[in-house]
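Novice: Here is a sequence together with a model predicted from it:
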Amino acid sequence: MTELTEKRNWIKSFFSETGSTYDEVVNRFTFGIDRLWKKKILSKIPPCERVLDLACGTGILTFAIKNKYPECEIIGVDISEGYLSVAREKALQSATKNLSFIHSPAEDYISDKCFDVVTTSYLPKYADIPRLMHNVGNMLAPSGRVIFHDFTYPTSKFLQLIFEVYFKCAQPIGAFYYPEWKDVLSELPKVIQKSQWISELSTAMNNEGFKNITVETLTLQGAAIVSGEKE
């Protein structure tokens, strides 16, 4: 089994039954900080005409971008049909135009049209980053921007302790109130600790000719945003 296949199996196993409660869980278990992280991502998106949101999930970030730039065409891509069904229902209820959702692994998605911005939240730790960035680079317009966000394992020993205590508390609480999240909350800290996505992404971006690559550490070293521009 390849590493990419293993990662995709993780995703399918972790998130197959959690789409209906995702928005609530991600807000509660980050104590609302996810909203602040999304605002930080939005602040880095310039006026644009076309945006690709990879691993869009239920569309939290996708709809936030749409609200900021109503005339922008946005495509959300996700590997989970369950999450996409939630996103599509949101779009239907709000009658949102120029917004579409496509079922595909992020690394496999290719479009003939160019995008001004490519975003993602919580994808990098699961992704085949070199393959992903090669395809993203081919889809970006000249001077197009990528903005990637995900959890990180703190480098500070004190913050590592907070990280570990948090998940020890979150696992039984989450399993009680949201039993479908039991496996996710059990395995997620292991995935975060194992991931080297920031260094892998920075290397892949350099290899694909990106410039102005920046890494911004977020709340208590619990997440980060990596961004850059196409040459």
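Specialist: The structure has been received and is ready for your questions.

Novice: And the helices in this protein?
Specialist: Here the chain has its helices, by DSSP state H, at 3-15, 22-29, 33-43, 60-68, 81-94, 129-139, 157-177, 182-194, 197-207.

Novice: Reformat those as a markdown table; add mean pLDDT.
Specialist: Shown next, in a markdown table, are the helices of the chain (pLDDT from 0 to 100):
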| stretch | mean pLDDT |
| --- | --- |
| helix 3-15 | 71 |
| helix 22-29 | 97 |
| helix 33-43 | 98 |
| helix 60-68 | 98 |
| helix 81-94 | 96 |
| helix 129-139 | 97 |
| helix 157-177 | 97 |
| helix 182-194 | 94 |
| helix 197-207 | 98 |
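
Novice: Mean neighbour count, those helices: which tops it?
Specialist: helix 60-68 (a mean of 21; mean count of other CB atoms under 10 Å). (C-beta placed from N, C-alpha, C; glycine too.)

Novice: Quick one: distance of that one to the chain centre.
Specialist: On the basis of CA atoms, centre = their mean, to the nearest Å, helix 60-68 sits 13 Å off its chain's mean C-alpha point.

Novice: Report the inter-axis angle for it versus helix 81-94.
Specialist: Put simply, helix 60-68 runs at 20 degrees to helix 81-94, going by axes from the mean of the first three to the mean of the last three CA atoms, to 10 degrees.

Novice: Identify the residues contacting helix 60-68?
Specialist: Identification of contacts with helix 60-68 by CB atoms under 8 Å, 6 or more residues apart in numbering yields 23, 26, 34, 38, 41-42, 45, 51, 53, 56, 72, 74, 76, 87, 90-91, 94, 96, 99, 101, 119, 121.

Novice: What are the buried residues along the longest strand anywhere in the chain?
Specialist: Ordering each strand of the chain by length in residues (DSSP state E) puts strand 140-151 first. Judged by neighbour count using 16 or more other CB atoms under 10 Å, the buried positions of strand 140-151 are 140, 144-151.

Novice: Out of those residues, the closest to P189 would be?
Specialist: P189 has its nearest neighbour among the buried residues of strand 140-151 in F151, at 9.1 Å by CB to CB.

Novice: which ones are touching the closest one?
Specialist: F151 is in contact with 122, 125, 188, 192, 222-223, counting by CB under 8 Å, 6+ apart.

Novice: Look up the residues forming beta bridges with it.
Specialist: Beta bridges link F151 to A223, judged by DSSP bridges.

Novice: For the most centrally placed residue in the chain, which non-adjacent residue is spatially closest?
Specialist: With distances taken as CA atoms, centre = their mean, S121 lies nearest the centre of the chain, 1.9 Å away. The shortest distance from S121 to any non-neighbouring residue, by CB to CB, 6 or more residues apart in numbering, is to H149 (4.5 Å).
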